[in-house]
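S.K.: Pasting a predicted model and its sequence here:
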Amino acid sequence: MVKILLKRIYEEPSEADGYRILLDRLWPRGLKKEDAKFDEWRKEITPSKELRQWFHEDKDRHWEVFQGRYGMEIKQNPDFIPFLREIEKHPVVTFLTAAKDVQHSHLPILKEVIEDFEKNKS
């Protein structure tokens, strides 16, 4: 099973990060493309534009519902299984976001869905 780490894109990369994937629909503010250190950018596995905008209206109030809605979006996303197959090729993968609070972003939700999927697969 792949080890998944979560980080902000603005943090310095480390060798322990393994394969680094930017998982934001929008390009991170203030970051020049030539300065960004990641292996691939996967917008299609991020929350939909509508869900992201709704969540940002009131993050504290919407957090619990957002977790459930994004979890459903992931499971219904036709790009989810190909994404899983891709990350399984790497022993360590770091999911990157520009969100200030990584633990209250979409990354831990995606990580949990992947881990649950992997557990139920075996």
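M.R.: Good, I have the coordinates.

S.K.: what sits against residue 69?
M.R.: residue 51 (Cβ atoms under 8 Å, 6 or more residues apart in numbering). For glycine as for every other residue, the C-beta is placed from the backbone atoms N, C-alpha and C.

S.K.: Do you know the pLDDT at it?
M.R.: Listed pLDDT for residue 69 reads 96.

S.K.: element containing it?
M.R.: Using DSSP states H and E, residue 69 sits in helix 59-76.

S.K.: Could you figure out how far the helix or strand following that helix is turned away from helix 59-76?
M.R.: Downstream of helix 59-76, the next assigned helix or strand under DSSP H and E is helix 80-87. Helix 80-87 runs at 90 degrees relative to helix 59-76, counting by axes from the mean of the first three to the mean of the last three Cα atoms, to 10 degrees.

S.K.: Can you tell me what sits against the helix or strand following helix 80-87?
M.R.: Note on helix 80-87: by DSSP H and E, the next helix or strand toward the C-terminus is strand 92-97. Contacts with strand 92-97, where a contact means Cβ under 8 Å, 6+ apart, come from 2-9, 16-24, 38, 87, 105-107, 110-111.

S.K.: Next: stretch 100-117.
M.R.: With contacts defined as Cβ under 8 Å, 6+ apart, stretch 100-117 is touched by 1-2, 4, 6-8, 23, 45-47, 59, 63, 66-67, 70-71, 74-75, 84, 87, 95, 97, 99.

S.K.: which stretches of the chain have low pLDDT?
M.R.: By pLDDT under 70, the low-scoring segments of the chain are 122.
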